[in-house]
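Asks: Kindly return the folded structure for what I paste below:
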Amino acid sequence: MKSVLLIGLGNFGVLIAKHIHELGHQVMAIDKDENRVNEALPYVTNALIGDSTSESFLSSLGINNFDVCIETIGNDFQSSLETTYLLKELGGKLVISRANREVQAKFLLRNGADEVVNPEMQIAKWTAIRYTCNHIMDYIKLDDNHAIFEVDLPEDWIGKTIEKINIRQKYGINIMAVKEDGKMNLSLTPEFVFNEKQSLLVLGEYQAVRKCFHI
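Replies: So this is what the prediction gives:
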């Protein structure tokens, strides 16, 4: 179980609180708006109304006691920047900050953030790839070049083995799992035979996946 400090309880922040709660971790939530704090109460261990740009207020929380500090202020970049700086200065072990633009991400990283999330950019790219590529059903970005994709099984692969297809050597793509009837099969061997009811989870470069699966 981890101890998480969550600052900013807009829609994004509350969703994070819900998911952290479901994972069984402890959450201390902070926001200046009393209504937002009340909305988050069912999903957090404790919640306070306060100004995260106040050094004295943050210091009273014992920042170095939290495993993770997540700052999700989305409508006031100055406050986001000041909060990020103070979290690190007061001993934040892992400071995660929200950015709405690339330039904001650069400033946050320079001022104390260990990592930055840009929810709009990330979901925009996912949406573009998911709904403009006929054979990609889902994808998870790993870095600028690699991702995990769930793809339709090509018709000409039906009845063939992984060894016969050999996409690792041809395209540098790894087949991680086969999905059938909502269940994942991770125990794959070179002799595994594909059938028409399956989809694939593959790991590779986006351009290589596009070429391999004719996307």
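Asks: residues near the residue lying closest to Y206 once chain neighbours are set aside, how many?
Replies: Residue nearest to Y206 in three dimensions, not counting chain neighbours: A147, with 6.1 Å by Cβ to Cβ, 6 or more residues apart in numbering. Every residue, glycine included, has its C-beta placed from N, CA and C. By the measure other Cβ atoms under 10 Å, the count of residues near A147 is 20.
Asks: cool, and the one 5 residues further on?
Replies: Per other Cβ under 10 Å, the neighbour tally for D152 reads 15.
Asks: circling back to that earlier point, list the beta-bridge partners for the residue nearest to Y206.
Replies: For A147, the beta-bridge partners under DSSP bridges are K141, G204.
Asks: Next: the one 4 residues further on.
Replies: In this structure, V151 has beta-bridge partners I136, L200, where bridges are defined by DSSP bridges.
Asks: Help me confirm that it comes into contact with L203.
Replies: No: between V151 and L203 there is no contact under Cβ atoms under 8 Å: 11.2 Å.
Asks: Comparing the two, which shows the higher neighbour count?
Replies: Taking other Cβ under 10 Å, V151 and L203 do not tie; V151 has more neighbours (22 against 18).
Asks: Report the contact partners of the more buried one.
Replies: 135-137, 199-200, 202, 209, 213, 215 (Cβ atoms under 8 Å, 6 or more residues apart in numbering).
Asks: With just CA atoms, put stretch 158-165 into PDB.
Replies: Provided in PDB are the C-alpha atoms of stretch 158-165 (Å, rounded to 0.1, in the frame of the first residue of the first chain):
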ATOM      1  CA  ILE A 158      -5.300 -18.600 -39.900                       C
ATOM      2  CA  GLY A 159      -4.000 -22.200 -39.500                       C
ATOM      3  CA  LYS A 160      -0.300 -21.100 -39.400                       C
ATOM      4  CA  THR A 161       2.100 -21.300 -36.500                       C
ATOM      5  CA  ILE A 162       4.000 -18.400 -34.900                       C
ATOM      6  CA  GLU A 163       7.200 -20.000 -36.200                       C
ATOM      7  CA  LYS A 164       5.800 -19.900 -39.700                       C
ATOM      8  CA  ILE A 165       4.800 -16.300 -39.500                       C
END
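Asks: Understood, closing this out.
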